[in-house]
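Below are the sequence and a predicted model for it; my questions follow.
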Amino acid sequence: MDNKLFNKEDVLTCIDAEQAVLGMSGYFGDTVSDLVRAISQHDVSELSGVSQEYAYCFTNNSDKHYILFLPLGRVKKTYTYRPIANLEELLEFLVPDLDANAVCDSAGNDDEIIRYKKAELLLGKKITIREKLTEYTNVLIISRVDFYGDSDTGDDIYINGSSLNYLFENYKILIDGKWQPFGVKE
């Protein structure tokens, strides 16, 4: 497997587990493919336990055991995500094939009315999210989109009562069959 994300010798196993330090952040898996997937989904966890007595010697902060651990600092290339900043990004994130400008024509409408129309386009959209810590999965239908005045920050825009920043910090979202952070790539 040609891997441009990390060097295989940087992956820790039970043989060299003494190099791991509790509290380190990194990626966990049982195969190299698991590590590649974890990196692409930016699924970083904290190392909470190490035992060289077993093949599954690494424990993450979700109390799951893995064969392989790749410290965050040994990854060559990662994807950086940030919270969704405004209604336009949220609409593009959740409904990427929709041309919001065609649907929200500004003929005679001021910007405030256009923002309301964009928020309305999200109502009824089904999304699947998973808590990062516990992996508890929620399938929900967007029934509320709240935003404060003309603010464009993730703390001032809410989906079903949760701010976009809260969703980014605590959840992953299922998009095209893959889990990814609830945010956009920088």
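Yep, that arrived. Residues are numbered from 1 along each chain as shown.

Quick check: what element follows the least confident helix or strand in the chain by mean pLDDT along the chain?
Least confident helix or strand of the chain, by mean pLDDT, DSSP states H and E, is helix 100-103 with a mean of 60. Toward the C-terminal end, the helix or strand that comes next after helix 100-103 (DSSP states H and E) is helix 111-122.

can I assume residue 156 is in contact with residue 145?
No. If you go by CB atoms under 8 Å, residue 156 and residue 145 don't touch, sitting 11.8 Å apart. For glycine as for every other residue, the C-beta is placed from the backbone atoms N, C-alpha and C.

the more surrounded of these two?
Higher neighbour count among residue 156 and residue 145: residue 145, with 20 against 16, using other CB atoms under 10 Å.

Counting neighbours, what do you get for the spatially closest residue to that one that is not a sequence neighbour?
Nearest in space to residue 145, with sequence neighbours left out and distances taken as CB to CB, 6 or more residues apart in numbering, is residue 119 at 4.2 Å. Residues near residue 119, counting by other CB under 10 Å, number 19.

was I right about residue 119 contacting residue 144?
No. Look at residue 119 against residue 144 with CB under 8 Å: they stay out of range, at 9.4 Å.

Quickly list what's touching both of those two.
With contacts defined as CB atoms under 8 Å, 6 or more residues apart in numbering, no residue is adjacent to both residue 119 and residue 144.

can you give me the helices for this protein?
32-40, 87-94, 100-103, 111-122, 164-170 (DSSP state H).

worst average pLDDT in the ones you listed?
Comparing mean pLDDT across the helices of the chain, the lowest value falls on helix 100-103: a mean of 60.

nearest spatial neighbour of residue 54, skipping sequence neighbours?
Across the structure, with CB to CB, 6+ apart as the measure, the residue nearest residue 54 apart from its sequence neighbours is residue 14 (6.9 Å).

how about the one you found, what does it touch?
Residue 14 makes contact with 52, 54-55, 57, 67 under the criterion CB under 8 Å, 6+ apart.

Repeat the analysis, applying 7 Å as the threshold.
52, 54-55, 57 (CB atoms under 7 Å, 6 or more residues apart in numbering).

likewise residue 12?
Under the criterion of CB under 7 Å, 6+ apart, the contact partners of residue 12 comprise 19-20, 69.

so what pLDDT did it get?
According to the per-residue confidence, residue 12 scores 95 in pLDDT.

Show me the beta-bridge partners of it.
Taking DSSP bridges, one obtains residue 69 as the residues bridged to residue 12.

what's the spacing between it and residue 143?
The gap separating residue 12 from residue 143 is 45 Å, by CB to CB, to the nearest Å.
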